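J.: pasting the sequence and the predicted model now:
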Amino acid sequence: MAAARRSVGEAFWAMCVADSMSMPVHWYYDVHDIHRDFGGWISGFNGPKDRHPSSILTLSNTAGSGRTAWSSGAKKPDVVGNVILHNKLDLWKSSNGSVHYHQGLHAGDNTLNIICSLRAARTFVSRGFSDVSQPEARAAVLSDYVQFLTTPGSHNDTYAESFHRSFFADWEDSRPTSPAEVLAFAEKRSRTKMDSSLPDGQLDAIGCLPMILPFVLLSASASEERAVAAAVEFVKLTHPHPRVPEYVSVYSRALHAVVGGASLRQQAERALRTLDAWDACQSFHRKAARFPELSEERLKVHQSAVSHLGMACYNKGALSSMFYLAYEFHDDPRGGILANTNCGGENCNRGAALGALLGARGPYVGAQVPQEWKDKLRDAQQFVPEILKELQ
């Protein structure tokens, strides 16, 4: 269990490092913009630039999921500015079409999804949940989530992706707050949306993974089935889309196995075969092997691989890209985190999922996230030591 505890600790640190490293170039879809804006490839923490070259923030729906142009029917009240992100509505409706998604954050900060993940972990350990697969655990996390997002000034991020906006667009009708009430609301909402003939495709996205990470990591001593069930039952409440449980199961099985000492490379191969991406990944693997490790030529192969497999948020492509990077950097957390960042696209949520895998494997292969990176994290320094102390 000592090895598993070290694995869990490194997974939390690497999750936060990978997210923060990618934050300033989150959703940069042309990787040349990364090199241009930062005078070379990212190699450390940075704050976001004022201008984002690929931003479509001002096209996003401030009243719910998706884009403004997709909404139909009677105009709904804004969730952004009124229920969540209380002082950010002006940025979402700015006439400047290049507003950065994470304006307000600084080098070493984490994005909203990772803060929510860390709060979930803190809720578990502070309240002494020994089995996070129980409904009471989900209820406690959801109640804290509602309190956090609806409290003005509780965080500095500018962006909340579709699943947050959709959840609170439905929540504001009845505004439940107690654990039992929020859980009942979320379960009823989930049943309705999971049974819909037109599920919300914006929920089938890799942003579903950060908040399930504590459910898996803090189930290290439980069976694989219980750990997977803990993650799946929770994600149904935040991302009620019929395809999401399958993808979360694939990822959760891999992470639980790696925490227990399994080979990350073998777990990545298994996942890639499940995702029907193994043959394509092997082609890119052979191309990358022609060039020296850490060379720009090899990075360009990885960038091409991610572009081909999926740069965007949607789960099948994003998970394929993530597991490709996990396969390539199975024993190199530092290299994998930097490669993920410099591949652009949906690199924050992809990075958090990748970071957890790389971090979890690190203690077993003698390769951990650099201490200087951990020391430079801002939000994580307020959460991770407290979480790990409670696990001792």
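T.: Cool, got the structure.
J.: quick one: the most centrally placed residue in the chain from Ser178, how far?
T.: Among the residues of the chain, Asn349 comes closest to the average C-alpha position under C-alpha atoms, centre = their mean, at 3.0 Å. Taking C-beta to C-beta, to the nearest Å as the measure, Asn349 and Ser178 are separated by 29 Å. The C-beta positions use only the backbone N, C-alpha and C, and glycine is treated the same way.
J.: any stretches of this structure with poor pLDDT?
T.: Residue ranges of the chain with pLDDT under 70: 69-74.
J.: quick one, longest helix in it?
T.: In the chain, assigned by DSSP state H, the helix with the most residues is helix 2-22.
J.: following it, which helix or strand comes up?
T.: Under the assignment DSSP states H and E, the closest C-terminal helix or strand after helix 2-22 is helix 31-37.
J.: render the CA-only coordinates of that following helix in PDB, please.
T.: Taking C-alpha atoms only, helix 31-37 is exported to PDB below (Å, rounded to 0.1, in the frame of the first residue of the first chain):
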ATOM      1  CA  VAL A  31       0.600  24.800 -32.800                       C
ATOM      2  CA  HIS A  32       2.600  27.500 -34.600                       C
ATOM      3  CA  ASP A  33       0.700  30.000 -32.500                       C
ATOM      4  CA  ILE A  34       2.200  28.400 -29.400                       C
ATOM      5  CA  HIS A  35       5.800  28.900 -30.700                       C
ATOM      6  CA  ARG A  36       5.000  32.400 -31.900                       C
ATOM      7  CA  ASP A  37       3.300  33.700 -28.700                       C
END
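J.: what's the next helix or strand after it in contact with?
T.: Moving toward the C-terminus from helix 31-37, the first helix or strand encountered (DSSP H and E) is helix 89-92. For helix 89-92, contacts defined as C-beta atoms under 8 Å, 6 or more residues apart in numbering pick out Leu57, Thr58, Ser60, Thr62, Asp78, Val80, Gly81, Asn82, Leu85, Val99, Gln103, Thr158.
J.: in what helix or strand does Leu142 lie?
T.: Counting by DSSP H and E, Leu142 is part of helix 135-149.
J.: Glu224 versus Pro333, what's the distance?
T.: For Pro333, the distance to Glu224 - C-beta to C-beta - is 23 Å.
J.: go on, His155?
T.: 33 Å.
J.: helices of the stretch 201-350 of the chain, start to end?
T.: If DSSP state H, counting those that start in this stretch is used as the criterion, the helices of the stretch 201-350 of the chain fall at 213-217, 224-238, 244-259, 264-274, 278-288, 296-309, 315-328, 333-342, 347-365.
J.: now for the fourth one, which elements pack on it?
T.: In this structure, helix 264-274 packs against helix 244-259, helix 278-288, helix 315-328, helix 347-365, with contacts taken as 3 or more C-beta pairs under 8 Å, 6 or more residues apart in numbering; DSSP states H and E.
J.: hey, which of these is tucked in deepest?
T.: Here the criterion is mean neighbour count by mean count of other C-beta atoms under 10 Å, and of these the winner is helix 347-365, at a mean of 29.
J.: what's the angle from it to helix 244-259?
T.: Note on geometry: by axes from the mean of the first three to the mean of the last three C-alpha atoms, to 10 degrees, helix 347-365 and helix 244-259 are set 30 degrees apart in direction.
J.: so helix 347-365 versus helix 264-274, what angle?
T.: Following the same axes, to 10 degrees, one obtains 140 degrees for the angle between helix 347-365 and helix 264-274.
J.: ok, then the element right after helix 347-365?
T.: For helix 347-365, the following helix or strand on the C-terminal side (DSSP H and E) is helix 371-376.
J.: quick one: distance of that following helix to the chain centre.
T.: 20 Å (C-alpha atoms, centre = their mean, to the nearest Å).
J.: what's the answer for stretch 151-165, then?
T.: For stretch 151-165, the gap between its own C-alpha mean and the chain's C-alpha mean amounts to 14 Å (C-alpha atoms, centre = their mean).
J.: and that stretch, what's buried?
T.: Along stretch 151-165, these residues count as buried under the neighbour rule (16 or more other C-beta atoms under 10 Å): His155, Asn156, Asp157, Thr158, Tyr159, Ala160, Glu161, Ser162, Phe163, His164, Arg165.
J.: quick revisit: Pro24: which of the contacts of helix 89-92 is nearest?
T.: Gln103 (10.5 Å; C-beta to C-beta).
J.: good, we can wrap up now.
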